[in-house]
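okay, sequence plus prediction incoming.
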Amino acid sequence: MKIPFFKYQGTGNDFVMLDNRQHLLSKNDTKIIKKLCDRKFGIGADGLILLEEPEVNGDDFKMIYFNADGNESSMCGNGGRCLVAFAKYLNIIEDKAAFTAVDGPHKASIKEGLISLQMQNVNKISQKGNISFLDTGSPHHIVFTSNVKDINIKEEGAAIRYSEPYVERGGANVNFVEAEGENTFLVRTYERGVEDETLSCGTGVTAVAIAANASERANANKIKLKVPGGELSVSFSKKGAENYTDIWLTGPAEQVFKGEITC
Ligand SMILES: N[C@H](CCC[C@H](N)C(=O)O)C(=O)O
């Protein structure tokens, strides 16, 4: 069977996108999904995203996300932004979108070539010294440090991801963060399910922005995040010590190429 695919990237976090409204691919096709994400034997990507018919009144579509290891996973912020760009390409939406993903409902908007995605509210943040942990649709361990450019992300990230307390609860993503100036941070991320550094992680930079504000490393409610693949911004409203709402992740999302897979 031949299935058209589209390759998108959002600040270097890259995805195979399939219009799966006709259910050409099943969520259980783990082996096929892993092969499609393989950078030698397949198309190559950090993850694969299915766009499916909406199941919730008022939604434009449904998002199903898989990590490069072929397993369905938690929310992908950059993937969600790329999916909105894909939905516009397919003429499913104009410049506004509403969809449901594994972590619940999302709204999105397209303005001046940038995609803004509303993320889930956050009301639980663990903080101890220079370490924070919170879930922004995916679980994120955050290390506030210096000289992130000198860190061996794959080695140090894997050591944390496969250690207590994460090892018995499905792991976590690991972000290494360096303050660059007023409300601007450099972020490098080890991603669970890719099991390597990715050039950007949307739920990761969202977690970093909120952790920076909660730990008083940032005082604004709009934070700039510089990642190896580009720049993202995160804005939010703070309702209480650990109560963040109206959280929006903004950045570019582009179609790189399209093709056809045979499976
Ligand atoms: N690897 C993540 C999911 C994708 C997150 C990332 N690509 C993003 O943009 O949020 C996890 O398994 O928790």
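Cool, the structure landed.

any residues of this protein in contact with the ligand? List them.
Proximity of the chain to the ligand, by CB under 6 Å from any ligand atom, involves residues 13, 46, 67, 73-74, 76-79, 138, 173, 191-194, 201-204. The way it works is simple: take the backbone N, C-alpha and C, and place the C-beta from them, glycine included.

among these, which are located in strands?
Among the residues of the chain next to the ligand, the ones falling in strands (DSSP state E) are 13, 67, 173, 191.

which residues does the last one form beta bridges with?
Each beta-bridge partner of residue 191 is listed here, defined by DSSP bridges: residue 196.

which residues does the residue lying closest to residue 21 once chain neighbours are set aside contact?
What sits nearest to residue 21 in space, not counting adjacent residues and going by CB to CB, 6 or more residues apart in numbering, is residue 53, at 5.1 Å. When contacts are counted by CB atoms under 8 Å, 6 or more residues apart in numbering, residue 53 touches 21, 61, 62.

go again using 10 Å as the cut-off
20, 21, 22, 23, 59, 60, 61, 62 (CB atoms under 10 Å, 6 or more residues apart in numbering).

likewise residue 139?
Going by CB under 10 Å, 6+ apart, residue 139 touches 74, 133, 161, 166, 169-174, 192, 203, 207.

any idea what it is bridged to?
residue 135.

which one (most neighbours) among the contacts of residue 139?
Using other CB atoms under 10 Å as the neighbour criterion, residue 207 leads those with 32 neighbours.

quick check: closest non-adjacent residue to it.
Nearest residue to residue 207, sequence neighbours excluded (CB to CB, 6+ apart): residue 140, at 3.7 Å.

likewise residue 67?
Among residues not flanking residue 67 along the chain, residue 193 sits closest, at 2.7 Å (CB to CB, 6+ apart).

specify the local secondary structure of residue 207.
Following DSSP: H, G, I helix; E, B strand; the rest coil, residue 207 is assigned to helix.

could you tell me which residues make contact with it?
Counting by CB under 10 Å, 6+ apart, residue 207 makes contact with 77, 119, 122, 125, 132-142, 173, 175, 177, 187, 189, 201, 234.

remind me which helix or strand residue 86 belongs to.
Assigned by DSSP states H and E, residue 86 belongs to helix 77-89.

what mean pLDDT would you report for that helix?
Helix 77-89 shows a mean pLDDT of 98.

how about the helices in the stretch 1-150 of the chain?
With DSSP state H, counting those that start in this stretch applied, the stretch 1-150 of the chain shows helices at 30-37, 77-89, listed in chain order.

residue 247 against residue 117, yeah?
Yes - using CB atoms under 10 Å, residue 247 is in contact with residue 117, at 9.3 Å.

so what sits against both of the two?
Listed as contacting both residue 247 and residue 117 by CB under 10 Å, 6+ apart are 77, 137, 206.

of those, closest to residue 251?
Comparing the shared contacts of residue 247 and residue 117 against residue 251 with CB to CB picks out residue 77 as the nearest, at 9.1 Å.
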